[in-house]
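Engineer: 3D model of this:
(chains A, B and C)
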Amino acid sequence: MSDLTMPTDAMVAVRGLAKRFVLHNQGSAEIRVLRDLDLVVSRGECAALVGPSGIGKSTILRCLYGNYLASAGSLLVRQGDNVVDLAVAPPRAILELRRHAIGYVSQFLRVVPRVPSIDIVAEPLIALGQGEAAAHRRAADLLGRLRIPEALWLLAPATFSGGEQQRVNIARGFIVDFPILLLDEPTAALDDMNRQTVVDMIRERKQAGAAIVGIFHDDAVRDAVADRRYDVTMNRRAA
Amino acid sequence: MSPLDEATAAAAPAQPANTDGYNFAYLDEQTKRMIRRALLKAVAIPGYQVPFGSREMPLPYGWGTGGIQVTASIIGPDDVLKVIDQGADDTTNAVSIRRFFRRTAGVPTTERTEDATVIQTRHRVPEVPLQAGQILVYQVPTPEPLRWLEPRETETRKMHALQEYGAMHVSLYEDIARHGVIAKSYNYPVCVNGRYIMAPSPIPKFDNPKMDRSPALQLFGAGRERRIYAVPPHTPVKSLDFEDHPFTVQSWEESCALCGATDSFLDEMIVDDQGKRLFVCSDSNYCERRREPAGGEGAL
Amino acid sequence: MSEQPILQVSGLSHRFGRRIAVADVDFQLWPGEVLGIVGESGAGKTTLLRCLSGQLAPTDGRVAYGDRLGDMVDVYALSEAGRRMLLRTDWGIVHQNAADGLRMGVSAGGNIGERLMAVGDRHYGNIRGHAVDWLRRVEMDIGRIDDLPTTFSGGMQQRLQIARNLVTGPRLVFMDEPTGSLDVSVQARLLDLLRRLVAGFRLAAVVVTHDLHVVRLLAHRLMVMQGGYVVESGLTDQVLDDPQHAYTQLLVSSVL
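Structural biologist: Here you go, the predicted model:
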């Protein structure tokens, strides 16, 4: 039984997280990425994961989304009045969390081909039971804010530029007001104006009380949004 | 009685002699027993197709072997037999089958519907309403109403057993979609006793209402397909339809050119090379009787 | 999450003689969830699907269906009539080959309307209205309502199959390689349609496929089968991105 106690204001509490990969078809080679990570993120706070490339920053986000299985440790997240340990939660519970509690903006846009971008963006809202019309309106707002030309809304994003694809990705990740947001290099392919827009959007979320864990390779962006930095290098609790 | 019938009746002995060593009505007694068992089952489950051991008959499949086997199993020396083909007593098949029973059973035959105790028919129900104590034997080519939709016998049996008849209405739906009306005009599917869906044989839908709660016993024999089914007297028989496309029967603007009837099923006949058309009662006896109301049959 | 599972499977095994086709499968499925079953040919996926969908009584184990009234019903304790009724109302089956799931000699409208007629609908206008509705929902030209499926492309036939199944509002749909016989370009649109229908109608679905792309796009949860056994299960993206079992890792790394 995992200990489900968390500090009152905390939205995310990671304890002793370890992650290793065993490659069975390569002579059972073992790759240890994370050893013993602790991390607490509170309401309205943005924590930036720092460290060199390949150190495991994305791995932490993926564990927090249930995309990777933790090898050891606990991943506590707050869902309404409850606390759930992602490390042991059944798939059904994680799906529920993903619908309501945790949003994830990955580095790359991955979608069903041939679906118009406005539908891609609206989908998470529709999945929550919102009407199509209302969800499409909200999607249009976000796409507009991120300066995606209206002419592109009915097109599938496969032929968009990297920056456009990333903005569609961000719109999709921000359309629902998730209390916990995981951002993996959200501004990587963006120009100055759009980067600033994303910074604004992140700030608005913080104000609304969301807890954010992010990876920002751009120092300026990180300084603009992060309240704390976690150095993943030593896989241990850092200041 | 026609001269031919009169002569037969006079010649028929009380115990008919077997023609060339054949049993009474051609079939051996064991076969008759087997068919009677099937008939009893059929009567006990109205509309249900009972498999039976159809025998080789002295005429090919497709010529009424099923009907003949049923008639042969139920007919007795006290019966009076009428045989019609498309309503007429005088077509080749009707004449042949009537002669067959005269020779093998020596039973009296008639063309008058009311005088018959057993009526074997191909594709028509007589216009004169049948009475209690009469038996109508239908010749059936394809006993399975669902066959056009579902070729597998194993599957159609299940559909009947489980009353899965949605597919039957699909055929009617297709008609309406294609023609605007239910175009099926013969062998129109019916629901018997609220339970089994049955193929009434290729009688015109005009005749379907006559099957409903008839005081007569209706038996159906399919020789090639080896099935027997039945509708006991006073059984409800309802033609399938849709609420917004109710079942209707054929009607004609014309009346019978020979007897003037407006209430019978009319055959259309081209009478000359110019394409002149006449509409005539399909039920030949009915037509004849209307033309000679004083009774007795005139020569056809 | 106090909701009843829609399917509860315990200890499901099936043997053909001495050959193990499916061994010891346990899982629960909830409304709105799509469960993918992957593995190579011969892994037991289709046998498992047949056992789950009431078409093949397993040699061991139990398949229970959570009906509309909230009761868990043992599928194989039902009469055959009961099971066939389920398959016509609460359940749907989408076959890989549209010809297996359609009446090829019946018009599109007739195909869609059949299930309605099978449960007692006797109003032609109504039935046709529903058929038109569903043709729209699966994004087919309603002008083709009276055409035979033989005149449709593969993708359209599959859409028709889907409409035919969903017209009675089933809660659980079984699919065997739903996009298997389709061109790659057609698959994408069909998968998207399936996703939206599943979400829009809160369907639960079990999808058998050997194609990992299909499963990633369509399924929330995944079971990987090898030699009749479930070697790994979990969230689809987790199983594909962080495979634990050797066989899963092999499968994932073999994707073109």
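Engineer: Identify all contacting residues around whatever helix or strand A:Val168 lives in.
Structural biologist: Secondary structure from DSSP states H and E places A:Val168 in helix A:162-174. Outside helix A:162-174, the residues that touch it by Cβ atoms under 8 Å, 6 or more residues apart in numbering or on different chains are A:103-106, A:108-109, A:117, A:120-121, A:123-124, A:139, A:142-143, A:146-148, A:152, A:157, A:160, A:181, A:183, A:186, A:188-191, A:194, A:198, A:201, A:205. C-betas here are computed from N, CA, C, even on glycine.
Engineer: The residues you listed: which ones sit near chain B?
Structural biologist: Counting by Cβ under 8 Å from any Cβ of the partner chain, nothing from the contacts of helix A:162-174 sits close to chain B.
Engineer: Filter those down to the buried ones and hand me the PyMOL line.
Structural biologist: Command for PyMOL that selects the buried part of these, burial taken from 16 or more other Cβ atoms under 10 Å in any protein chain shown:
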select buried, chain A and resi 103+104+105+106+109+117+120+121+123+124+139+142+143+146+148+152+157+160+181+183+186+188+189+190+194+198+201+205
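Engineer: Could you find the closest non-adjacent residue to the residue in chain A that chain B sits nearest to?
Structural biologist: Of all residues in chain A, A:Glu132 sits closest to chain B, at 31.7 Å by Cβ to the nearest Cβ. Spatial nearest neighbour of A:Glu132, chain neighbours left out: A:Ile126 (6.2 Å); criterion: Cβ to Cβ, 6 or more residues apart in numbering or on different chains.
Engineer: Please apply the same query to A:Val199.
Structural biologist: A:Ala224 (4.9 Å).
Engineer: now B:Gln218
Structural biologist: Nearest residue to B:Gln218, sequence neighbours excluded (Cβ to Cβ, 6+ apart): B:Val231, at 4.2 Å.
Engineer: Could I get the contacting residues of that neighbour?
Structural biologist: Contacts for B:Val231 (Cβ under 8 Å, 6+ apart) come out as B:Pro46, B:Gly47, B:Val192, B:Asn193, B:Met198, B:Met211, B:Ser214, B:Leu217, B:Gln218, B:Phe220, B:Val237.
Engineer: Filter these down to just the ones in helices.
Structural biologist: B:Met211 (DSSP state H).
Engineer: Quick one: the contacts of B:Val231 as TSV, columns for pLDDT and distance to B:Asn285 too.
Structural biologist: Putting the contacts of B:Val231 into TSV (pLDDT from 0 to 100; distance: Cβ to Cβ, whole Å) gives the following:
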residue	pLDDT	distance to B:Asn285
B:Pro46	98	28
B:Gly47	97	28
B:Val192	98	27
B:Asn193	97	30
B:Met198	97	26
B:Met211	97	19
B:Ser214	97	18
B:Leu217	98	20
B:Gln218	98	19
B:Phe220	98	22
B:Val237	98	24
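Engineer: For ChimeraX, write a command that selects the buried ones of the contacts of B:Val231.
Structural biologist: Restricted to buried positions by 16+ other Cβ under 10 Å, the ChimeraX selection for those reads:
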select /B:46,47,192,193,198,211,214,217,218,220,237
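Engineer: Tell me the one of the contacts of B:Val231 nearest C:Ala23?
Structural biologist: B:Gly47 (46.7 Å; Cβ to Cβ).
Engineer: B:Tyr165 versus the closest one, what's the distance?
Structural biologist: Separation of B:Gly47 from B:Tyr165 (Cβ to Cβ, to the nearest Å) stands at 12 Å.
Engineer: what do the two both touch?
Structural biologist: Residues touching both B:Gly47 and B:Tyr165 (Cβ under 8 Å, 6+ apart) are B:Cys191, B:Ile197.
Engineer: quick one on the thing from earlier: how far away is the residue of chain A closest to chain B from A:Leu125?
Structural biologist: From A:Glu132 over to A:Leu125 (counting by Cβ to Cβ), the distance is 9 Å.
Engineer: What pLDDT does the model give the residue nearest to A:Val199?
Structural biologist: Here the pLDDT value assigned to A:Ala224 is 94.
Engineer: element containing it, please.
Structural biologist: With DSSP H and E as the criterion, A:Ala224 is inside helix A:219-225.
Engineer: For that helix, buried residues please.
Structural biologist: A:Val221, A:Arg222, A:Ala224, A:Val225.
Engineer: how distant is the helix holding A:Val168 from the center of its chain?
Structural biologist: 13 Å (Cα atoms, centre = their mean, to the nearest Å).
Engineer: Equivalent analysis for stretch A:203-218, please.
Structural biologist: Mean-position distance between stretch A:203-218 and its chain equals 10 Å (Cα atoms, centre = their mean).
Engineer: Can you get me the start-to-end distance on that stretch?
Structural biologist: 16 Å (Cα to Cα, to the nearest Å).
Engineer: on that earlier part again, which residues touch whichever helix or strand comes after the helix holding A:Ala224?
Structural biologist: Going down the chain from helix A:219-225, the next helix or strand is strand A:228-231, by DSSP H and E. The list of residues contacting strand A:228-231 from outside it, by Cβ under 8 Å, 6+ apart, reads A:Leu39, A:Glu45, A:Cys46, A:Ala47, A:Ala48, A:Leu49, A:Val50, A:Gly51, A:Arg222, A:Ala238.
Engineer: Sounds good, over and out.
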